[in-house]
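Undergrad: here is my input; please provide its structure:
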Amino acid sequence: MPERSEASHAVMVVGVHACLRIIITCAYARPASDRREIRHVPSPILRHGRSCCADGRTSRRAARPDRAGPAGLHRAARAAGAAAGARRAGSGRGRPGALRRPPAGRLHGKCYVVTSAPAGTSPSLPAAQGAKRGLRWRSPSPGSEPFMKHGDLPPRAPRGRTLALLAALGALLLPPPARAQETPEPEEACETGSVLSPGLCLSSGIIVDAFANLRGGLRQGVAAIGQLQFGLQADFDRIAGLTGWSLGASAIAVYGKEPATVLTGSLAPPSNIEALSSVRLMELWVQREVEGFGSLRLGQLAADTEFAVADAAGNLVNGTFGWPVALAEGLPSGGVAYPFAAPGVRLALGAPDQGSGFRLGLFAGDPGGRYGQQTEAQRHNRYGINFSTVGGAFLIGEAVLGGRAPEEGPRPWVVKLGAWYHSGGFDSQRFDADGLSLADPASSGVPRRFHNDYGGYGIGEATLWRGEGQSLAGFTRLFAAPSDRNLVSLQVDVGVAWAGAFGRREDTLSFGVSQARIGRGARGFDQDTEAFSDPFRPVRRHETVLEVNYDIPVGPAHLRPLAQWYINPAAGEPDEASGRGLRDAVLLGMRMQAEF
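TA: Below is the predicted model:
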């Protein structure tokens with residue numbers, strides 16, 4: 001953190017000031033005695049290779065023995081000569097000094113002071129080792145001080161004192177330590193994925209879904225689809241000191257067959273990762289968060305990451321328990337939800353994810369682009385980089401009221417009330433521009449056009465029971481929209497999630513049921529068709545799907561065997577091949593999921 005670096009620099013400056021005073025005092029003070037003992041103590045603050053010693057002297061910080069070389073010992077010899085010269089100048093007498101050899105491997109971080117020694121003693125550094133390094137010892141002679149030399153080097157005490165002062169003054173001018181060299185703190189760890197650098201996290205994951213349709217639907221058979229996920233999170237506070245700023249990006253790669261297309265023919269997809277095989281950019285945004293107020297997010301966003309979400313339904317695989325069929329069937333290109341994202345802005349006030357708050361999102365109305373309602377939007381925006389701004393605007397708001405989550409397990413209760421509005425044009429489900437039924441042979445076939453669409457929803461979650469290492473959470477969702485312009489006018493979801501099922505703390509058993517009811521306008525069109533031209537046409541009424549699954553962690557992955565039962569797939573839409581409604585479908589499946 002910047003505050004921590006500045007504090008460290010302040011401590012360093014105070015310490016160097018103290019050292020500077022000692023240096024000045026020791027450099028110009030006369031020695032108290034001619035005979036001193038060798039003292040080596042751990043160095044205090046070290047800057048520019050100098051240390052403050054316990055006896056008031058200073059010495060250059062020695063290098064590692066294997067890296068010192070002749071030059072390093074040469075400098076030590078010069079320092080020894082300088083110290084001896086200072087003693088002679090100050091006291092008028094002195095005895096031969098010795099350069100003591102420090103213990104092997106203990107030079108770094110110690111302070112070694114060259115002091116006097118009794119006459120006749122020899123240096124402790126072996127002559128052979130000195131010769132090996134290109135140095136030689138000069139034998140002491142009466143009235144002189146011994147020193148190692150690499151050539152003739154007279155002592156230069158005044159210069160040594162000056163360099164010491166300059167080095168200490170230079171330390172005061174150093175900037176704070178670089179942030180890149182700081183040790184990452186525990187809070188820098190990523191919630192998921194791995195740390196690329198302080199403040200930068202990369203996450204990835206894989207999901208593979210396999211299904212077997214045992215009966216009903218379009219046809220019996222098997223289908224599998226897989227998805228690779230990639231995410232990048234950047235905290236600009238740590239990276240560049242921009243408080244509250246962050247960046248998020250995500251991308252997916254999908255490959256396989258869509259079970260809803262090849263097996264069930266249903267409105268609700270059996271898998272919530274169903275999409276056209278492609279590599280696709282999902283979200284790309286920057287966010288400014290203000291502590292105690294909320295956050296503002298801007299960029300390419302997906303509404304289903306934050307809006308209309310029930311946490312207790314998180315383990316259910318069927319797509320309708322995420323982004324509901326009521327919205328997917330009513331909005332252009334399925335809405336601003338998986339596998340699409342669109343340019344938009346999101347404002348969050350309070351703490352809607354942790355307590356109570358409010359969210360408001362404004363998105364481009366048609367993420368697929370302006371290609372017509374009967375075209376396949378995923379093919380037109382195949383890679384997620386169209387950044388479409390056409391099709392009006394989609395506005396959604398959600399108020400959240402709930403209790404705070406305990407240390408382990410779900411929140412005790414949550415209530416969400418939301419509403420949405422779309423400014424684009426929408427066709428009538430039953431009447432043409434002249435007010436005639438679209439099934440009437442006299443009709444122009446041009447549907448009546450509405451200039452907007454809207455709807456509302458409510459979500460409730462509660463922890464029904466909590467035990468040691470276990471909890472049972474329930475959820476319910478309700479979506480409503482005008483029936484004259486929406487295929488699905490009402491959807492109801494109910495489900496439970498048992499965490500720690502059967503005494504296994506990491507396992508989760510989930511069950512959910514969802515019913516999407518066809519609006520009165522679409523039902524009226526079917527009845528008109530039956531009356532005018534096709535007496536055997538079934539009337540679409542509802543599609544109901546039930547799912548049960550059991551999540552089991554296996555090492556870094558999760559296995560989730562599941563079963564789904566579709567009642568009245570596609571709400572009774574007749575099969576093109578037989579002209580009759582689809583039979584109820586029963587699917588068995590398996591999800592494998594892992595995060596890295």
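Undergrad: switch to C-alpha atoms for all contacts and neighbour counts from now on
TA: Noted.
Undergrad: SS state for the spatially closest residue to Pro332 that is not a sequence neighbour?
TA: With sequence-adjacent residues excluded and distances taken as C-alpha to C-alpha, 6 or more residues apart in numbering, Pro332 is closest to Asp366, at 5.4 Å. Using DSSP: H, G, I helix; E, B strand; the rest coil, the structure places Asp366 in coil.
Undergrad: what about Glu543, which helix or strand?
TA: Assessed by DSSP states H and E, Glu543 sits inside strand 542-554.
Undergrad: just the CA trace of that strand, in PDB.
TA: The C-alpha trace of strand 542-554 is given here as PDB (Å, rounded to 0.1, in the frame of the first residue of the first chain):
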ATOM      1  CA  HIS A 542     -47.500 -24.200 -20.300                       C
ATOM      2  CA  GLU A 543     -44.200 -25.900 -20.100                       C
ATOM      3  CA  THR A 544     -43.100 -27.400 -16.800                       C
ATOM      4  CA  VAL A 545     -39.600 -28.800 -16.000                       C
ATOM      5  CA  LEU A 546     -38.400 -30.600 -12.900                       C
ATOM      6  CA  GLU A 547     -34.800 -31.200 -12.000                       C
ATOM      7  CA  VAL A 548     -33.000 -33.000  -9.200                       C
ATOM      8  CA  ASN A 549     -29.200 -33.300  -8.900                       C
ATOM      9  CA  TYR A 550     -26.500 -34.200  -6.400                       C
ATOM     10  CA  ASP A 551     -23.200 -32.300  -6.400                       C
ATOM     11  CA  ILE A 552     -20.200 -34.300  -5.300                       C
ATOM     12  CA  PRO A 553     -16.700 -32.800  -5.000                       C
ATOM     13  CA  VAL A 554     -14.000 -35.100  -6.400                       C
END
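Undergrad: ok, and for it, which residues are buried?
TA: In terms of neighbour count (16 or more other C-alpha atoms under 10 Å), strand 542-554 has its buried residues at His542, Glu543, Thr544, Val545, Leu546, Glu547, Val548, Asn549, Tyr550, Asp551, Ile552.
Undergrad: how close does the nearest residue to the fourth one once chain neighbours are set aside sit to Glu543?
TA: Translated: Val545. Distances taken as C-alpha to C-alpha, 6+ apart put Tyr566 closest to Val545, at 4.6 Å, once the chain neighbours are dropped. Distance, Tyr566 to Glu543, using C-alpha to C-alpha, to the nearest Å: 7 Å.
Undergrad: and if you look at Phe450?
TA: Separation of Phe450 from Glu543 (C-alpha to C-alpha): 26 Å.
Undergrad: same question, Phe536
TA: Distance from Phe536 to Glu543, by C-alpha to C-alpha: 20 Å.
Undergrad: strands paired with the strand holding Glu543, and their directions?
TA: If you go by DSSP bridges, strand 542-554 pairs up with strand 508-518 (antiparallel), strand 557-567 (antiparallel).
Undergrad: go through the last one and flag the buried ones.
TA: Just to be clear, that refers to strand 557-567. For strand 557-567, burial by neighbour count (16+ other C-alpha under 10 Å) applies to His558, Leu559, Arg560, Pro561, Leu562, Ala563, Gln564, Trp565, Tyr566, Ile567.
Undergrad: so what's the third one bridging to?
TA: Meaning Arg560. Beta-bridge partners recorded for Arg560 (DSSP bridges): Arg591.
Undergrad: doesn't Val548 make contact with it?
TA: No: at 9.9 Å, Arg560 does not count as touching Val548 under the criterion of C-alpha atoms under 8 Å.
Undergrad: re earlier: contacts for the strand holding Glu543, please.
TA: Strand 542-554 is contacted by residues 266-268, 315-316, 318, 506-518, 558-572 when judged by C-alpha atoms under 8 Å, 6 or more residues apart in numbering.
Undergrad: got TSV for the buried residues of strand 557-567, with pLDDT too?
TA: Formatted as TSV, the buried residues of strand 557-567 follow (pLDDT from 0 to 100):
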residue	pLDDT
His558	97
Leu559	98
Arg560	98
Pro561	98
Leu562	98
Ala563	99
Gln564	99
Trp565	98
Tyr566	98
Ile567	98
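Undergrad: distance to Leu232 for those residues - can I get that in JSON lines?
TA: Output for those, formatted as JSON lines (distance: C-alpha to C-alpha, whole Å):
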{"residue": "His558", "distance to Leu232": "22"}
{"residue": "Leu559", "distance to Leu232": "25"}
{"residue": "Arg560", "distance to Leu232": "26"}
{"residue": "Pro561", "distance to Leu232": "30"}
{"residue": "Leu562", "distance to Leu232": "31"}
{"residue": "Ala563", "distance to Leu232": "34"}
{"residue": "Gln564", "distance to Leu232": "34"}
{"residue": "Trp565", "distance to Leu232": "37"}
{"residue": "Tyr566", "distance to Leu232": "37"}
{"residue": "Ile567", "distance to Leu232": "40"}
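Undergrad: ramachandran coordinates for Ala351?
TA: phi -130, psi 70 (degrees, to the nearest 10).
Undergrad: for it, grab the count of nearby residues.
TA: Neighbour count of Ala351, defined by other C-alpha atoms under 10 Å: 19.
Undergrad: let's see the pLDDT reported for it.
TA: As predicted, Ala351 sits at a pLDDT of 90.
Undergrad: any idea how far the closest residue to it other than its chain neighbours lies from Gly469?
TA: Of all residues not flanking Ala351 in the chain, Gly357 sits nearest, at 5.1 Å (C-alpha to C-alpha, 6+ apart). Distance, Gly357 to Gly469, by C-alpha to C-alpha: 29 Å.
Undergrad: likewise Met592?
TA: According to C-alpha to C-alpha, Met592 and Gly469 sit 24 Å apart.
Undergrad: who has more neighbours, the two?
TA: Using other C-alpha under 10 Å as the criterion, Met592 and Gly469 rank with Met592 on top: 19 against 14.
Undergrad: thought the more buried one was touching Val208?
TA: Yes: the pair Met592 / Val208 is scored as a contact, 5.2 Å apart, by C-alpha under 8 Å.
Undergrad: before we move on, back to that, quick one: which of the strands paired with strand 542-554 is nearest Ala499?
TA: For the strands paired with strand 542-554, the distance to Ala499 is smallest for strand 508-518, at 4.4 Å, taking C-alpha to C-alpha.
Undergrad: how about the helices in the protein?
TA: With DSSP state H as the criterion, the chain has helices at 2-28, 65-91, 127-132, 157-172, 236-240, 259, 325-328, 377-380, 520-532.
Undergrad: mean confidence for the last one?
TA: For helix 520-532, mean pLDDT rounds to 95.
Undergrad: now do the buried residues in that helix.
TA: The neighbour-count check on helix 520-532 (16+ other C-alpha under 10 Å) flags Arg520, Gly521, Ala522, Arg523, Gly524, Phe525, Asp526, Gln527, Asp528, Thr529, Glu530 as buried.
Undergrad: which of these sits closest to Leu218?
TA: Distance to Leu218, by C-alpha to C-alpha, is smallest for Asp526 among the buried residues of helix 520-532, at 20.9 Å.
Undergrad: name the nearest residue to the closest one, ignoring sequence neighbours.
TA: Val539 (5.3 Å).
Undergrad: identify the residues contacting that neighbour.
TA: Arg523, Asp526, Gln527, Gly572, Glu573.
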